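Peer 1: Sequence and predicted model, in that order:
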Amino acid sequence: MLLPSFSNNYYFTMPDILDVFTDEEDLLAEDDPEQDDDEKQYEHFTLTIDRGQAPLRIDKFLSLRIEKASRSRLQNAARAGAIRVNGNPVKPNYKVKPMDKIAIVLPKPVQRYMLKAEPIGLNIVFEDDTVLVINKPAGLVVHPGCGNYSGTLVHGLLYHFEQLPVNNYPSSGINTDENELRPGLVHRIDKNTSGLMVIAKTDYALTHLAKQFFDHTVIRRYIALVWGDLPNETGTITGNIGRDRRYRQIMSVYPDGEAGKHAVTHYRVLERFGYVTLVECVLETGRTHQIRVHFSHLGHPLFNDPEYGGNRIVKGTVYTKYRQFVENCFSLLNRQALHAQVLGFLHPETGKNLYFEAELPADMQQVLEKWRRYMGSQTGVNLPLPDEEDGATDYSEEG
């Protein structure tokens, strides 16, 4: 979408831009504390220069027209390749010309005035002056909102940053001023999903990582336990994802593309248990609840996923022994069976490929071991499937 051409003295504020470029779906997503849609983490603007514009450095031109976008922030964005003119990345000293079309990707600043640092333990996998990689536990909300106004990852990041020596921060990075400090979120994962996240510690890193997520060059692999026996060893799920029209707190797949945003999930089978399947998922896009809603759409919701129908017996019978076994598994894994196991990206400063892997958390490991024992895989004895019993019912087509 293009903004109307504007004159040299036209001035617009950040809210004005959000009014133009934010649709109903995006506004609703802002109220969802569990959403992980990468494109909600930064503004993506497109501007068209009017015919009477005199040559002017692009960083100065944009700083005069976008409130709270300083020249240093815009320069960092340009150096990271996040400012493009007529489809090509430009340097901060590029001089705008009449009818230039400018596309901008900027990190969205956190609403710092709502936040207070809290001593929340962080499982730090890697940290230097530029980035922080953590292994988020299940149950931890990433950022405040919708009833979660304390105890979030953001509160813990603020505490962690404030405890670091001030001279550890580059002049262009995080500072400790009350109005400027912000933890550098560039992506999110659901509250009840565990796994790896990267946090930027400088403005430049924030912009550079946001651009990598926008270009879908970040490596993200998830491990999921889904209901049912998938027919193929590998597969790709493609289908637009958008807010469900009836239940706005969950997402739906719109395969005809009439709503939502393009989403692609690749998967391969790691282990089969007859009634459930362990899969590795690779995200090509990063939509809200993407893996969860895609597999639910296939009729294979994630094990114990309450929002998408995985917290009941989807495959198998309801006879007493099997039902008790599944309920015991639900008790051990009191969340959807999803873990962000692999994260890979280019270091914003050094350009080196960074690759991290986090082992499955204890709750998922325990449930997998229970399924292995139940199916006799450790002894090589194949137990009869529950739906081979008399009076068995297959519930895989319900709902």
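Peer 2: Right, received. Where do you want to start? Numbers count the residues shown, from 1 in each chain.

Peer 1: can you pull out the strands in the stretch 51-200 of the chain?
Peer 2: Secondary structure of the stretch 51-200 of the chain, counting by DSSP state E, counting those that start in this stretch: strands at 56-57, 83-85, 88-89, 95-96, 101-107, 124-127, 131-136, 184-185, 194-200.

Peer 1: What of the stretch 251-399 of the chain?
Peer 2: Shown for the stretch 251-399 of the chain, the strands assigned by DSSP E, counting those that start in this stretch span residues 251-254, 264-272, 276-283, 338-346, 353-357.

Peer 1: Tell me which of those strands sits nearest to residue 83.
Peer 2: Among the strands of the stretch 251-399 of the chain, the nearest to residue 83 by Cβ to Cβ is strand 338-346 (18.4 Å). Any C-beta I mention is one placed from the backbone N, CA and C, and that applies to glycine too.

Peer 1: Work out the gap between the closest one and the centre of the chain.
Peer 2: How far strand 338-346 lies from its chain's middle: 11 Å, per Cα atoms, centre = their mean, to the nearest Å.

Peer 1: Can you pull out the residues in contact with it?
Peer 2: Contact partners of strand 338-346, identified using Cβ atoms under 8 Å, 6 or more residues apart in numbering, comprise 133, 136, 189-190, 192-198, 208-209, 212, 217-224, 280, 291-292, 302, 305, 352-361, 364.

Peer 1: If you go by neighbour count, which of those residues are buried?
Peer 2: Buried subset of the contacts of strand 338-346 (neighbour count, 16 or more other Cβ atoms under 10 Å): 133, 136, 189-190, 192-198, 208-209, 212, 218, 220-224, 280, 291-292, 302, 305, 354, 356, 358, 360-361, 364.

Peer 1: and the gap between residue 351 and residue 81?
Peer 2: To residue 81, residue 351 is 12 Å away according to Cβ to Cβ, to the nearest Å.

Peer 1: between the two, who's got more neighbours?
Peer 2: Under the criterion of other Cβ atoms under 10 Å, the comparison of residue 351 against residue 81 puts residue 81 first, with 17 against 8.

Peer 1: Next, count neighbours for the residue lying closest to the more buried one once chain neighbours are set aside.
Peer 2: Spatially, and ignoring its direct neighbours in sequence, residue 81 is nearest to residue 89 (4.3 Å; Cβ to Cβ, 6 or more residues apart in numbering). Using other Cβ under 10 Å, residue 89 is surrounded by 15 other residues.

Peer 1: Sweet, I'm off.
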